[in-house]
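[1] dropping the sequence and predicted coords here.
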Amino acid sequence: MKDYQKQIEINETHFLSNRSLKRTIIIHGVLAAISYIAFFLIMRAFNLLHVTELRFVNYAILGFVSYHALSDIRKTARLNYFQDFGAAFMVGIVSFLLLAIFLYIYLMIDASFSEYVTSTAMGGGDASPTSPSEISIMLFFEGSAMSAVITLCVMQLFKRFLDKE
């Protein structure tokens, strides 16, 4: 049985102004971004950057980090379903924003990888991104969309199994 006496209830007006909540979101978003970047650098070290399907490992990392972010938030705050969803979703947004910034800088440095991604992204057709900024923006939006999907999965895990304690 959960001990709600130690938890504070955060209503809708205080959700975005709660310092502890923001701190938890940012810390977990940064941790996820560091994990993505470390994985990217490992892929680079093993010459696996051309295997673009390995980017799906980032989504597994996000699921793991989002789960821990919600666990940490629930230790101190009592949120409703949509507030939990928003907090976990914001972890993904922060993490993929930082990854997009890193990728933009990396593509400016590594011209050969930039050319490879430009020629293969989105099928290499006329609609393909042509610059590091377009590639970074595309990565951010792809990550944001997947953040919503992963957050829904994590929320179902909490709703089905963990909230029945």
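    Now that the structure is in, tell me what you want to look at. Numbers count the residues shown, from 1 in each chain.
[2] in stretch 146-157, what's buried?
    In terms of neighbour count (16 or more other CB atoms under 10 Å), stretch 146-157 has its buried residues at Met146, Ser147, Ile150, Thr151, Val154, Met155. For every residue, glycine as well, the C-beta is placed using N, CA and C.
[3] of those residues, which belong to helices?
    Met146, Ser147, Ile150, Thr151, Val154, Met155 (DSSP state H).
[4] contact partners for the third one?
    Contact criterion CB atoms under 8 Å, 6 or more residues apart in numbering gives Tyr59, Leu62, Gly63, Ser66, Gly92 as the residues in contact with Ile150.
[5] and the helix or strand containing the fourth one, what other elements does it pack with?
    Ser66 is located in helix 56-76, with elements delineated by DSSP states H and E. Under the contact definition 3 or more CB pairs under 8 Å, 6 or more residues apart in numbering; DSSP states H and E, helix 56-76 sits against helix 19-45, helix 81-109, helix 132-157.
[6] could I get those in CSV, plus columns for mean pLDDT and distance to Ser71?
    Shown next, in CSV, are the helices and strands packed on helix 56-76 (pLDDT from 0 to 100; distance: least, CB to CB, whole Å):
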stretch, mean pLDDT, distance to Ser71
helix 19-45, 94, 10
helix 81-109, 94, 11
helix 132-157, 92, 10
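[7] I am finished for the moment; much appreciated.
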